[in-house]
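S.K.: Output the structure for:
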Amino acid sequence: MKVAIVHDWLVAYGGAERVLEQMLLLYPEADLYCLLDVLPERERAFLKGKPVQTSFIQKLPKLRKWYRRYLPLMPMAVEQFDLSAYDLIISSSHTAAKGVLTEPDQLHLSYVHTPVRYAWDQQHQYLKEVKMTRGIKSWTAKAFMHYLRLWDLRTVNGVDGFIANSKFIARRIRKAYHRDADVIYPPVAVDAFLMGKEKEDYYLTVSQMVPYKKIDLIVTAFREMPERRLVVIGDGPEAAAVRAAANDAPNITFLGYQPSAALIDYMQKARAFVFAAEEDFGITPLEAQACGTPVIAYGKGGVQETVQGLTNLFPTGVFFEEQTVSSLKKGVELFEAEEIRISPQMCRDNAMRFSPERFRKKLHDYILRMEQNYT
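M.R.: Sure, this is the predicted structure:
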């Protein structure tokens, strides 16, 4: 078979790109299509030199800085990809990739990281985060999101099979698209994130600095707990705002982007990993667990499927109930009270359920089954 893999965009090596990496290992001869590619050279190794075929968006100005502003063009852009020569199309989609145009005799399987979050159930939250709840800009944004929902729903008919990255996202797919989805959890590089032997007295968070990750919330909470040390790794458009939230607190250290070896070292030695996002799945909490590090997480979203809370016989972390400073502080206090129940080995064992090998096998078996049903 001739295979095409369609991915939304290449901006950073994040969770969706880890899934893409395994797809490319499963189908090394596949052609890769993306709406745009501004991936830094230091993060391109997983592509192994594979050429990326991009859309007209690639030629627009200030792409790295403004790529999200070009969202209104993405539905049209993805429809311009001519995939008529392929037998199997696999889309890796959280925005527009699943909207590619396909023919009746082509099999299109879509791995959905999430239905477009700012067009569906998180529209109101998104508008609050970008301060667009009033005025002409707000109404323009709402009109576009209405159009995006209609387009997104129309494209469902071009997908022969849906894969969700968690049960949480499978429920979103059912709610938005009225389609069932098979769940295949994303891969975690458990062999790279080895268990650490020595712990130090600091908490760690690692994330791209974007609003929904709530790094400012974590920083504010630890600013109010000066006796506890926090290390923050990551960069992104919200980096300045996050640093401002810290207000030069001496117990908070910002390290920006860190190479893999340094990141793993910090994960191995951290007392606990802090995660405040409502994430579709959340790979970094599992990377931390692979290092033998417990997780303090906001108890909603895919993280409920990857972190074993205190009600579990073998807990690997604790949950806090609300995305607020006070709730997070209570979560830290709860962790410290129950820390003795959580062992590094239990964290590691839990993470092993999400290995890349297991992901590739499940995806391969799913595709074979769909091919047999389709022919």
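S.K.: who's in contact with Ser84?
M.R.: Applying C-beta atoms under 8 Å, 6 or more residues apart in numbering to Ser84 gives the contacts 103, 106. For glycine as for every other residue, the C-beta is placed from the backbone atoms N, C-alpha and C.
S.K.: With the one 3 residues further on instead?
M.R.: When contacts are counted by C-beta under 8 Å, 6+ apart, Asp87 touches 1-3, 106-107.
S.K.: which one of the residues you listed is nearest Pro250?
M.R.: Comparing those against Pro250 with C-beta to C-beta picks out Val3 as the nearest, at 53.1 Å.
S.K.: Got the phi and psi for the closest residue to that closest one other than its chain neighbours?
M.R.: Distance criterion C-beta to C-beta, 6 or more residues apart in numbering; nearest residue to Val3, sequence neighbours excluded, is Ala30 at 4.0 Å. Per-residue torsions, Ala30: phi -70, psi 150 (degrees, to the nearest 10).
S.K.: What segments of the stretch 251-375 of the chain are helices?
M.R.: All helices of the stretch 251-375 of the chain, identified by DSSP state H, counting those that start in this stretch, fall at 260-269, 284-290, 303-306, 325-338, 344-351, 356-374.
S.K.: Could you say which of the ones you listed is packed most deeply?
M.R.: When the helices of the stretch 251-375 of the chain are scored by mean count of other C-beta atoms under 10 Å, the highest mean neighbour count falls to helix 284-290 (a mean of 28).
S.K.: who does that helix touch, helix- and strand-wise?
M.R.: strand 203-206, strand 272-275, strand 295-298, helix 303-306, helix 344-351 (3 or more C-beta pairs under 8 Å, 6 or more residues apart in numbering; DSSP states H and E).
S.K.: at 6 Å instead, please
M.R.: Contacts defined by 3 or more C-beta pairs under 6 Å, 6 or more residues apart in numbering; DSSP states H and E place helix 284-290 against helix 303-306, helix 344-351.
S.K.: re the thing from before, would you list the helices of the stretch 251-375 of the chain in CSV and tack on distance to Leu150 and mean pLDDT?
M.R.: Shown next, in CSV, are the helices of the stretch 251-375 of the chain (distance: least, C-beta to C-beta, whole Å; pLDDT from 0 to 100):
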stretch, distance to Leu150, mean pLDDT
helix 260-269, 41, 96
helix 284-290, 34, 95
helix 303-306, 31, 94
helix 325-338, 37, 98
helix 344-351, 40, 96
helix 356-374, 27, 94
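S.K.: So which residues of this protein form strands?
M.R.: For the chain, strands defined by DSSP state E occupy the ranges 3-10, 31-37, 52-54, 88-93, 107-112, 161-164, 182-183, 203-206, 230-233, 252-256, 272-275, 295-298, 317-320.
S.K.: still on that earlier bit, make a ChimeraX selection of whichever of the contacts of Asp87 turn out to be buried.
M.R.: In ChimeraX syntax, the buried subset of the contacts of Asp87 is picked out as below (16 or more other C-beta atoms under 10 Å):
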select :3,106,107
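S.K.: quick one: which of the contacts of Asp87 is nearest to Glu333?
M.R.: Nearest to Glu333 among the contacts of Asp87, with distances taken as C-beta to C-beta, is Val3, at 50.7 Å.
S.K.: So what pairs up with the closest one in the strands?
M.R.: Leu88 (DSSP bridges).
S.K.: One more: the one 4 residues further on?
M.R.: With DSSP bridges applied, the residues forming beta bridges to His7 are Cys34, Ser92.
S.K.: That one contacts Cys34, correct?
M.R.: Yes. With contact taken as C-beta atoms under 6 Å, His7 and Cys34 are classed as touching, separated by 4.9 Å.
S.K.: show me the contacts for the nearest residue to Leu286 once chain neighbours are set aside.
M.R.: Computed as C-beta to C-beta, 6+ apart, the closest residue to Leu286 that is not its neighbour in sequence is Val188, at 4.4 Å. Residues in contact with Val188 (C-beta atoms under 6 Å, 6 or more residues apart in numbering) are 283, 286, 351, 354.
S.K.: that older thread, just name the closest of the contacts of Asp87 to Ile218, please.
M.R.: For the contacts of Asp87, the nearest to Ile218 is Val3 (40.5 Å; C-beta to C-beta).
S.K.: Looks like that closest one contacts Ile89 (just checking).
M.R.: No. Assessed by C-beta under 6 Å, Val3 is found out of contact with Ile89, at 7.7 Å.
S.K.: Would you check how far apart Gln289 and Glu371 are?
M.R.: Taking C-beta to C-beta, to the nearest Å as the measure, Gln289 falls 34 Å from Glu371.
S.K.: Dump the top helix by length along the chain to PDB, restricted to CA.
M.R.: Longest helix in the chain, counting residues (DSSP state H): helix 135-155. Extracted C-alpha coordinates of helix 135-155, given in PDB (Å, rounded to 0.1, in the frame of the first residue of the first chain):
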ATOM      1  CA  GLY A 135     -16.500  43.700  21.600                       C
ATOM      2  CA  ILE A 136     -16.100  43.300  17.800                       C
ATOM      3  CA  LYS A 137     -13.100  40.900  18.200                       C
ATOM      4  CA  SER A 138     -15.100  38.700  20.400                       C
ATOM      5  CA  TRP A 139     -18.000  38.500  18.000                       C
ATOM      6  CA  THR A 140     -15.600  37.900  15.100                       C
ATOM      7  CA  ALA A 141     -13.900  35.000  17.000                       C
ATOM      8  CA  LYS A 142     -17.300  33.500  17.900                       C
ATOM      9  CA  ALA A 143     -18.500  33.700  14.300                       C
ATOM     10  CA  PHE A 144     -15.300  31.900  13.100                       C
ATOM     11  CA  MET A 145     -15.600  29.200  15.800                       C
ATOM     12  CA  HIS A 146     -19.200  28.600  14.600                       C
ATOM     13  CA  TYR A 147     -17.900  28.200  11.100                       C
ATOM     14  CA  LEU A 148     -15.100  25.900  12.300                       C
ATOM     15  CA  ARG A 149     -17.600  23.700  14.200                       C
ATOM     16  CA  LEU A 150     -19.700  23.300  11.000                       C
ATOM     17  CA  TRP A 151     -16.600  22.500   8.900                       C
ATOM     18  CA  ASP A 152     -15.200  20.100  11.600                       C
ATOM     19  CA  LEU A 153     -18.500  18.200  11.800                       C
ATOM     20  CA  ARG A 154     -18.700  18.000   8.000                       C
ATOM     21  CA  THR A 155     -15.200  16.400   7.800                       C
END
